[in-house]
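Q: Okay, sequence plus prediction incoming.
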Amino acid sequence: MKIKNGFDLKNVCNEYVVVAYGKENIDFTKIISLNESAAYLWNKVKDTDFDAEQLAQLLLDEYEVDAETALNDARDIMKSWNEAGLTE
């Protein structure tokens, strides 16, 4: 999986918000906000291919969480990004 071109993460008033740019995203009318851990993952994997196991490892490296929770959270984040049309 990979984050699609045309999306960028911005910090707006201490909120992490995904913004769309470019012609291919002209119909993007959603506002996507990310919590701190999702923004951390976004910044680590933008412009790369990734899977749930890689995201889980990043969570384990950064936060005090067990492996099962990290993997479940990684899968949830990937699902939400996919449903929002942010990944390919």
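A: All right, it came through fine. Numbering: from 1, shown residues only.
Q: any chance you could map the strands in this structure?
A: 7-12, 15-20, 32-34 (DSSP state E).
Q: out of those strands, which comes closest to D49?
A: Each of those was scored for nearness to D49 using Cβ to Cβ, and the closest is strand 7-12 (15.6 Å). (Glycine included, C-beta is placed from N, CA and C.)
Q: Looking at the strands of the chain, spot the one closest to A67.
A: Comparing those by Cβ to Cβ, strand 32-34 comes nearest, at 22.3 Å.
Q: Show me what that closest one is packed against.
A: Here strand 32-34 touches strand 15-20, going by 3 or more Cβ pairs under 8 Å, 6 or more residues apart in numbering; DSSP states H and E.
Q: which helices and strands sit right next to the strand it packs on?
A: Checking 3+ Cβ pairs under 8 Å, 6+ apart, strand 15-20 ends up next to strand 7-12, strand 32-34, helix 36-45.
Q: okay if I get these as CSV plus mean neighbour count, mean pLDDT and distance to Y63?
A: As requested, the helices and strands packed on strand 15-20 are exported to CSV (neighbours: other Cβ atoms under 10 Å; pLDDT from 0 to 100; distance: least, Cβ to Cβ, whole Å):
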stretch, mean neighbour count, mean pLDDT, distance to Y63
strand 7-12, 13, 91, 18
strand 32-34, 16, 91, 15
helix 36-45, 17, 97, 7
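Q: ok so, going back, could you say which one of the strands of the chain comes nearest to E53?
A: Using Cβ to Cβ, the nearest of those to E53 is strand 32-34, at 20.3 Å.
Q: That closest one pairs with which strands, parallel or anti?
A: Partners of strand 32-34 in the sheet, by DSSP bridges, are strand 15-20 (antiparallel).
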